[in-house]
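J.: Sharing a sequence plus its predicted fold:
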Amino acid sequence: METRSRLLFVAADFPEPAPCAPLHARGGGWLAEGDLVWRAQRVVGEYQGEVHGGRAARSADAYRAGLLGDEGWTVVEIYAEDHTDPPRRRALLRRVAAALGLDPRTLSIT
């Protein structure tokens, strides 16, 4: 699904994100690996599949997102329904466009 998510953004004319890319603190220390990373804008898209559904996994994900946020990264969660439900897909694309500082009118958001 990470690949499907990457292709969703590419098809909508977004800059292509780096897949499975390391994320670093402003001081250079390693923080995590992101599913889809737009490094220059410090935005990461994280696909949340079924393995992220339990309490422990959600807690770990929230902690990690907090650490990334503390270091200036914007974390956007992506779900399967964002691919299958057109209103959710459009909302996701608009949300990521805003995080990247892109004008949604220049993108193919359908």
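T.: Happy to help now that I have it. The structure presented is a predicted model; accordingly, all values stated were derived computationally and were not measured.

J.: Every contact and neighbour count from this point should use C-alpha atoms.
T.: Fine.

J.: which stretches of this protein form helices?
T.: Along the chain, counting by DSSP state H, helices occupy 2-11, 55-70, 81-84, 86-100.

J.: Is Gln48 in contact with Val76, as I believe?
T.: No: in this structure, Gln48 is not within contact of Val76 by CA atoms under 8 Å, at 10.0 Å.

J.: Roughly how far does Gly31 sit from Thr106?
T.: No, residue 31 isn't Gly; it's Leu. Noted for Leu31: a distance of 32 Å to Thr106, by CA to CA, to the nearest Å.

J.: The two: which is more packed in?
T.: Set side by side, Leu31 and Thr106 show more neighbours around Leu31, with 14 against 11, by other CA atoms under 10 Å.

J.: which residues does Val82 contact?
T.: Slight slip there: residue 82 is Asp, not Val. Residues near Asp82 by CA atoms under 8 Å, 6 or more residues apart in numbering: Arg88, Arg89, Leu92.

J.: nearest residue to the first one other than its sequence neighbours?
T.: The shortest distance from Arg88 to any non-neighbouring residue, by CA to CA, 6 or more residues apart in numbering, is to Asp82 (5.0 Å).
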